Every structure is written in C-alpha cells, then in structure tokens.
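In: Here is my input; please provide its structure:
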Amino acid sequence: MAILPIIETPDPRLRQISTPVDTIDDGLQTLIDDMFETMYDAPGIGLAAIQVGVAKRLLVIDLQEEEDADGKPVKAPRVFINPEILETSEDLQVYSEGCLSVPEQFADVERPAVIRARWQERDGTVREEQLDGLLAICLQHEMDHLNGVLFIDHLSRLKREMVLKKLAKIRQHAA
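Out: Predicted structure coming up:
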C-alpha cells in the first residue's frame with residue numbers, strides 16, 4: 001500500500017468528470033487500498049479517486065464514528081464504485097464541510113438530508129440503500145468530486161472567494 005499525493009485546488013484535474021469503472025481487478029483493489037491509506041493519513045473521512053489523479057467513478061468513506069475501549073476510532077471502511085443517487089429528500093441539512101483538496105477550509109453547505117443511492121461494493125456486489133446523516137452528506141460531497149464539483153462551488157461567490165483567499169494566505173505563509 002502507498003500514500004498517494006492529494007490534488008489540491010485550483011488543479012484543473014479536480015474539474016474532470018470521472019468515467020465509470022468497467023472492471024474490478026487487482027489494479028482497482030490496489031487503488032482502493034492506497035486510497036484508504038491516503039485518506040487515513042491525511043486524515044479525512046472520504047476520498048474520491050480523482051483527488052489522487054485517477055478519473056474513475058470510485059470513492060472511499062470511513063466516518064470512524066465509533067470508538068474502541070481505549071477511545072480510538074474504530075475503522076469502518078466503505079467502498080463506492082460507480083455510485084449514483086436515485087432519490088433525494090426535499091428536507092435539507094446544513095453541515096460544515098471541509099475537503100482534503102481544499103485544505104484547512106470549512107464552510108456550511110446545504111444538501112438533501114436523505115438520499116437513496118446505488119453503487120457496487122469492492123467485490124462487485126450491487127447495493128442500494130437509503131442513507132441519512134453524515135454518511136449521506138459525505139457520499140454527496142465525494143460524488144460531487146466525480147462530477148468535477150468542489151464543496152466551495154455550493155457557496156455564494158463571496159463566500160467562495162473568502163475561502164480561496166484564506167487558502168492562498170495559508171499557502172503563502174507555508175512557502
């Protein structure tokens with residue numbers, strides 16, 4: 001397994017529309033493992049393949065919502081291959097989102113609170129499920145990446161510009 005470099009805005013690759021995964025083979029399994037290792041190292045709770053330079057409809061999520069007896073997060077990795085949203089609720093939920101491709105920046109984003117999604121598991125099994133809470137938000141966020149959309153695109157122009165200016169300042173100080 002390897003930790004892959006995460007692409008950051010304004011890299012134009014983040015605006016690519018990802019193509020469907022045709023074959024679930026050893027190469028894809030290795031990519032999935034590398035994506036999990038990269039996400040955990042970052043640290044994050046979701047990562048789309050395009051964020052590591054692979055324009056395929058693949059994403060990984062691990063909310064790590066539970067803790068073990070020592071208070072350490074319990075890993076609960078989930079793989080979504082060729083995910084699609086079939087239905088969305090009219091009820092909306094606001095969540096303060098961040099993104100590994102827009103580091104250290106957070107903003108409130110409004111999304112459907114409940115979704116019905118279909119995807120393939122790591123072994124190719126097709127799943128369809130109604131999702132809510134943080135998993136629904138995270139899946140919508142990561143699926144946006146597959147369509148060349150960043151969470152900041154959901155913000156007003158003024159808020160988006162503020163986030164990008166903050167990011168530029170952070171990068172300037174780091175240089």
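In: from here on, contacts and neighbour counts on C-alpha atoms
Out: OK.
In: can you list contacts of the longest helix along the chain?
Out: Counting residues, the longest helix found in the chain (DSSP state H) is helix 157-174. Helix 157-174 is contacted from outside by Val102, Pro103, Glu104, Gln105, Phe106, Ile152, Asp153, using CA atoms under 8 Å, 6 or more residues apart in numbering.
In: measure Glu128 to Ile61 for me?
Out: 16 Å (CA to CA, to the nearest Å).
In: Which one of these two is surrounded by more residues?
Out: Just comparing Glu128 and Ile61: by other CA atoms under 10 Å the higher neighbour count belongs to Ile61, 22 against 14.
In: The closest residue to that one other than its chain neighbours and Met143: what is the separation?
Out: Spatial nearest neighbour of Ile61, chain neighbours left out: Gly46 (4.2 Å); criterion: CA to CA, 6 or more residues apart in numbering. When distance is defined by CA to CA, Gly46 is 10 Å away from Met143.
In: Overlap of the contact sets of those two?
Out: Common contacts of Gly46 and Met143, defined by CA under 8 Å, 6+ apart, comprise Leu59.
In: got a list of what Glu67 touches?
Out: Pro73, Val74 are the contacts of Glu67 under CA under 8 Å, 6+ apart.
In: which residues does it form a beta bridge with?
Out: Counting by DSSP bridges, Glu67 forms beta bridges with Pro73.
In: again, but for Ile61
Out: Gly46, Arg78.
In: unless I'm mixing things up, it is touching Ile81, no?
Out: No. Using CA atoms under 8 Å as the test, Ile61 is too far from Ile81 to be in contact (11.4 Å).
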